[in-house]
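Based on what follows, work out the 3D shape:
(2 chains)
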Amino acid sequence: MKSDNDLKATSLIGTPMRKVEGLDKSTGRALYTDDIALPGMLHGKILRSPHPHARIVSIDATAAEAMPGVHAVITGRDMPTRYGIIPWTPDEYPLCLDRVRYIGDGVAAVAAVDEDTALAALERIEVVYEELPAFLDPHEAWAADGSTPYIHEPKKEGWNGNVTKMVHLEFGEVEAGLDEADVVVEGEYFFEGTTHAPIEPHCAIGSWDGVGRLTVWSATQVPHYLHRELARVLEVDPASVRVLQPLVGGAFGGKSEPFDLEFCVAKLSMRTGRPVKILYTREEVFYSHRGRHPFHMRYRTGATRDGKLTSVDAQILLDGGAYASFGLVTTYYSGQLLCAPYAMPAYRFDSTRVYTNKPACGPKRGHGSVQPRFAFEVQVDKLAERVGLDPIDFRRRNFIGEHTRTVNELRVTSNGFLECLESVERASGWAEKFRRLPFGRGVGVAGSTYISGTNYPIYPNEMPQSAVQMQIDRSGRVAVFSGASEIGQGCDSVVAYIAAEELGVPLEWVRVLRGDTDFTPVDLGAYSSRVTFMLGNAAIDAATRLRRLVQEAVGEAWEVRPSEVLLADGHATWAPDTARRMPIAEAFNLAEARSGTLGATGWYNTPKDVHGEYRGGTIGASPAYSFTAHVAEVDVDVETGFVDVRKIWVAHDCGRALNPVLVEGQMEGSAYMGFAEALMEEHVFKGEEQGRAGLHHAPSLLDYRIPTSLDTPALESLIVESIDPEGPYGAKEAGEGPLHPSIPAIANAIYDAVGVRLDRLPFSPPNVWRALERAREAGSLGKPASPGAGRASAAGAHDADAPPPGVAEPASVEAVRGD
Amino acid sequence: MMDTATDIVRLSVNGDARDVGVPTHFTLLEALRYGLGLTGSKQGCDKGDCGACTVLVDGEPTLSCITPAFAVEGREVTTVEGLAGPAGPHPLQDEFDRNGAAQCGFCTPGILCSAAALLERVQRPGRDEIRAALSGNLCRCTGYAKIYDAVEAAAARMAPPGDAS
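Presented below is the predicted three-dimensional model:
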């Protein structure tokens, strides 16, 4: 959306500001869902399957229902409507109807006077299961022939019911591009699954008023979608459903679709006539998951001898777990989001998402594109070495440019990627370090791009993606009614900053009223890095309408042109003679007398004509793309395999930093989370050989290793501003993009340190140690040659030594086979 | 209803003597949150792994989710609600806000308690001392960087006049 504010000088925007709820959070006043207790409230618990795959033969809740203090027991039969966040793939019931598909799948729920009673009641529910063979390995799920039951019914006769989605897209002449290449690198990569692990467990409260109105409080990122699904599944008119979203204690994608507890608290309240709360245990948070998919990836990438990419070919198998979740989108994203920041003349990807009998995977920060970015940026590092170029220089040569289209026809607007590369190169001292540090220490670089929201909403509609309502009080106070989801990223503050900027009031005078579908306009939710871009534009739209009314009223009173009236610093001021001014409240009163009560709505909708006309071409289309580059510096202990990341330099093109403190916070949090996935985190399950197939290996915050303050490396944020023509004041996203390069930058740094390629995550001491051992045996452990030396030998030996196009690079494939 | 023994536990919380009737197995965290309505202290894991429930018991950072309520009778409990005074927020609370050290804010109450104990012990801690003092508190949002900035800024404000170190 083009706004007349884009190029205006700003007084608040761009400066460090506090968050509107910051002091509430640091004083303990902030309310999260579990902090709410309603009179007469009951406590619910969900009985979960002990089997990874089984038929439910019968459920007998008689004994549980008879217990004192138990008010209701419900099962799948009470809510027999399928739901799913993606309208084309609803494959879940709030409680399982006749089949369980992972250890942890919900089969019944209890409401009782307290948690202890509810837990005791769960033990009295008799469920008879008929166990079925489970699919834990995605390759086996893919190869299934129907001789044992598929995880879901096939969509068509003869199809494999274990497949969620297959996508094959090809742009340009892929095989010809590989044939023309002077160097082709082929590699296999494995990205282990990881989970969000927000510190706040999921929690929901349902309250039925007995005559038709349903209210649900939830720690959700998507109150609007929850609203729709609650109405549909519980058969309540949407106009009678109210969803409240207290502050959310972290989410990262893990609360971005409806969960069983939200339906259960609603149904249990409808059954008992009393409010019901369910708070997940930490173990349940791990089993509810919806985190990063494990990806098995194979890439062939070609380049010319002067370092230009010619062709990219990708094959990806996504291990989806038991349900579709966002999987349709994940499957597309696994390929669609790779086509910047580098120009690719030809690109093909073949992605297949299969079901397995494990907790469902979904979107985690950098949805679907973190895994291929890891693989691809390592491929790029290998190509740069093969053609004898510095890897930063290689990336520069392939820069796609700004105001262009990708090979898959996505429209790119602003692009600050070159500045990102330059920033990390300079700040890290790259030139003095790359290939020059002593053996065991190294630096690596990687780049990436990410969407600032999606051009198409999850369910097809033509309505705005985001909106706010703004109202001015005679005191000078401004109220903003926002339906956006504050999950810690600061979106409530962003609308306040914009209201203060546009209307000239002090930030402290802006109230943000939020998190209630009864009185806020729809915002679609906190996902796909859409909120600042879309909500920000909506807030500018609303504030501009109000500002004009105030300018007109003051202009009339002063007999000057409205455009000469500035609203800033708590005053209305006449631009040609700034001595002429009045307090802003007075200006608002003039406007209210002239135009009536001062309120306005504002909204934003995405451009819809900026993608290719092919099936799936809309997926990945975004109004703007952010760009990131990282340099990581690591120490590798060659005796133990322990990798110590000393520092990560993070340069991110966020378009414009509306509040640099919040942008840096997103960059640092992203880099931390990428580092965590690179070195520590593994969301893995036991196999048959370990006794309980499908049991989570480490469902606690002790055993699932997330970094403490002592583990986390030093992080340096370098903000790059490209001023996007369509973003609010030029802003783009900052919440997810800066995660992507952490992992490949660390992988490439490990190679620089010890000459060993790590193509499987995580780079934990056992995995690294095994790779080091293989390198020792092969005699390849050691500092790699510098590009200058490499270039001479690569160029000289190219025709004789380089494998012909299409032949695997030995070191890479060896690394995979060795595991 | 379960046959659960209930007990009156006499707690001293943020300077107030409070009698609270809770099941005997209740943890200090449950007594604070569900018995006294002091919801500032958070439950993230319920088994002492994440540190979100950290409170001060006689000034020592303590995991209230694995401390029985009855075990702290006769000792002084300080929660995040007790850090602020009549004059306003504790310098740590203010600096957490000013520095963007609280994103989702769920770990913040526990981190503030750990940091407050550190600043009682060490006037101007170095970054490594801060990292060590906060190593029992998981934060999933910030990468810890802004938290260090906030603790350092608060320490500078709290240091006696003339201490320019």
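
pLDDT score for residue A:84?
Looking at residue A:84, its pLDDT reads 96.

tell me the mean pLDDT for the helix or strand hosting residue A:268?
Per DSSP states H and E, residue A:268 falls inside helix A:260-272. Averaging pLDDT along helix A:260-272 gives 98.

by contact count, what packs against it?
strand A:42-48, strand A:70-75, strand A:106-112, strand A:203-208, strand A:214-218, helix A:223-234, strand A:276-279 (3 or more CB pairs under 8 Å, 6 or more residues apart in numbering or on different chains; DSSP states H and E). In this view, the C-beta of every residue, glycine as well, is placed from N, C-alpha and C.

what bridges to residue A:106?
residue A:48 (DSSP bridges).

I'd say it and residue A:56 touch.
No - in this structure, residue A:106 is not within contact of residue A:56 by CB atoms under 8 Å, at 11.4 Å.

Between these two, which contacts overlap?
residue A:96 (CB atoms under 8 Å, 6 or more residues apart in numbering or on different chains).

Neighbour count for those two, which is higher?
More crowded of residue A:106 and residue A:56, by other CB atoms under 10 Å in any protein chain shown: residue A:106, with 25 against 22.

Tell me the predicted confidence for the more buried one.
Per-residue confidence at residue A:106 stands at 98 (pLDDT).

Next one: it from residue A:278, what distance?
10 Å (CB to CB, to the nearest Å).

Quick check: neighbours shared by these two?
Joint contacts of residue A:106 and residue A:278 (CB under 8 Å, 6+ apart) are A:46, A:264.

For the residue of the stretch 651-800 of chain A found nearest chain B, list the residues it contacts.
Using CB to the nearest CB, residue A:672 is the residue of the stretch 651-800 of chain A that sits closest to chain B, at 3.1 Å. Shown in contact with residue A:672 (CB under 8 Å, 6+ apart): A:707, A:712, A:715, B:142-144.

7 Å instead?
The contact partners of residue A:672, by CB atoms under 7 Å, 6 or more residues apart in numbering or on different chains, come to A:707, A:712, A:715, B:143.

next one: residue A:555
A:561-562, A:565 are the contacts of residue A:555 under CB under 7 Å, 6+ apart.

all strands in chain B, in order from the N-terminus.
For chain B, the strands defined by DSSP state E occupy B:6-13, B:16-23, B:54-57, B:60-63, B:76-78.

what do you get for the stretch 451-600 of chain A?
A:466-472, A:478-482, A:510-514, A:565-568, A:571-574, A:581-583, A:599-604 (DSSP state E, counting those that start in this stretch).

Can you give the domain ranges for chain A?
Here the domain parsing of chain A from automatic domain parsing is A:22-28+A:463-604, A:49-132+A:196-288, A:368-455+A:613-795.

what about the shortest one, distance to the chain center?
The one in question is domain A:22-28+A:463-604. 29 Å (CA atoms, centre = their mean, to the nearest Å).

Between the two ends of it, how far is it?
27 Å (CA to CA, to the nearest Å).

Next, count neighbours for the closest residue to chain B within the stretch 351-500 of chain A.
For the stretch 351-500 of chain A and chain B, the shortest gap (CB to the nearest CB) falls at residue A:488, measuring 3.0 Å. Applying other CB under 10 Å, we find 30 residues neighbouring residue A:488.

I'd assumed residue B:102 was in contact with it.
No - using CB atoms under 7 Å, residue A:488 is not in contact with residue B:102, being 8.1 Å away.

any residues in contact with both of the two?
Common neighbours of residue A:488 and residue B:102 (CB under 7 Å, 6+ apart) do not exist.

Can you pull out the low-pLDDT segments for chain B?
Chain B contains residues with pLDDT under 70 at B:1-3, B:162-165.

on that earlier part again, which residue is the nearest non-sequential neighbour of the residue of the stretch 351-500 of chain A closest to chain B?
In space, and not counting its chain neighbours, residue A:488 is closest to residue B:104: 3.0 Å by CB to CB, 6 or more residues apart in numbering or on different chains.

what's the answer for residue A:786, then?
In this structure, residue A:786 finds its nearest non-sequential neighbour in residue A:435, 3.8 Å apart by CB to CB, 6+ apart.

Quick check: residue A:361 is in a helix.
No - counting by DSSP: H, G, I helix; E, B strand; the rest coil, residue A:361 falls outside a helix, being coil.

low-confidence ranges in the stretch 1-150 of chain A?
For the stretch 1-150 of chain A, applying pLDDT under 70 flags the ranges A:1-8.

Which residues are in contact with whichever residue of it sits closest to chain B?
Among the residues of the stretch 1-150 of chain A, residue A:28 lies nearest to chain B; the distance is 2.4 Å by CB to the nearest CB. The contact partners of residue A:28, by CB under 7 Å, 6+ apart, come to B:40, B:79-81, B:109.

Which residues of the stretch 351-500 of chain A lie near chain B?
Applying CB under 7 Å from any CB of the partner chain, one finds that the stretch 351-500 of chain A approaches chain B through A:487-489.

Now the residues you listed in JSON lines, please, with extra columns for pLDDT.
Converted to JSON lines, these look like this (pLDDT from 0 to 100):
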{"residue": "A:487", "pLDDT": "97"}
{"residue": "A:488", "pLDDT": "97"}
{"residue": "A:489", "pLDDT": "97"}
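
Excluding chain neighbours, what is closest to residue A:379?
With sequence-adjacent residues excluded and distances taken as CB to CB, 6+ apart, residue A:379 is closest to residue A:301, at 4.5 Å.

Tell me if I'm right that the residue nearest to residue A:786 and residue A:788 touch.
No - applying CB under 7 Å, one finds residue A:435 not in contact with residue A:788, separated by 8.7 Å.

quick one on the thing from earlier: partner residues bridging the residue nearest to residue A:379?
When bridges are called by DSSP bridges, residue A:301 pairs up with residue A:185, residue A:312.

How much space separates it from residue A:634?
From residue A:301 to residue A:634 the distance is 24 Å (CB to CB).

Nearest to the spatial middle of the chain, which residue is it?
Chain wasn't specified; assuming chain A. Closest to where the C-alpha atoms of chain A average out (CA atoms, centre = their mean) is residue A:365, at 2.6 Å.

nope, chain B please
By CA atoms, centre = their mean, the mean C-alpha position of chain B lies nearest to residue B:113, the distance being 3.1 Å.

Return the residues in contact with the residue of chain B found nearest chain A.
Proximity of chain B to chain A (CB to the nearest CB) peaks at residue B:40, 2.4 Å away. Going by CB under 7 Å, 6+ apart, residue B:40 touches A:28, B:79-81, B:109.

if I look at it, how far off is residue B:48?
Residue B:40 is 18 Å from residue B:48, where distance means CB to CB.

And residue A:155, by the same measure?
According to CB to CB, residue A:155 stands 46 Å off from residue B:48.

Compare these two (neighbour count), which wins?
residue B:48 (18 against 11).

So what does that one look like in phi/psi?
Main-chain torsions, residue B:48, degrees, to the nearest 10: phi 80, psi 20.

so it makes contact with residue B:63?
Yes - Residue B:48 lies in contact with residue B:63 (CB under 7 Å); the separation is 4.6 Å.

OK, contacts around the residue lying closest to residue A:144 once chain neighbours are set aside?
Among residues not flanking residue A:144 along the chain, residue A:162 sits closest, at 5.1 Å (CB to CB, 6+ apart). Counting by CB under 7 Å, 6+ apart, residue A:162 touches A:135, A:141-142, A:144, A:150-151, A:354-355.

got it, and residue A:172?
A:345-347, A:407.

Please apply the same query to residue A:364.
Counted by CB under 7 Å, 6+ apart, residue A:364 has contacts A:194, A:196, A:252-254, A:291-292.

Secondary structure for these - can I get that in JSON lines?
Shown next, in JSON lines, are the contacts of residue A:364 (three-state DSSP):
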{"residue": "A:194", "secondary structure": "strand"}
{"residue": "A:196", "secondary structure": "coil"}
{"residue": "A:252", "secondary structure": "coil"}
{"residue": "A:253", "secondary structure": "coil"}
{"residue": "A:254", "secondary structure": "coil"}
{"residue": "A:291", "secondary structure": "coil"}
{"residue": "A:292", "secondary structure": "strand"}
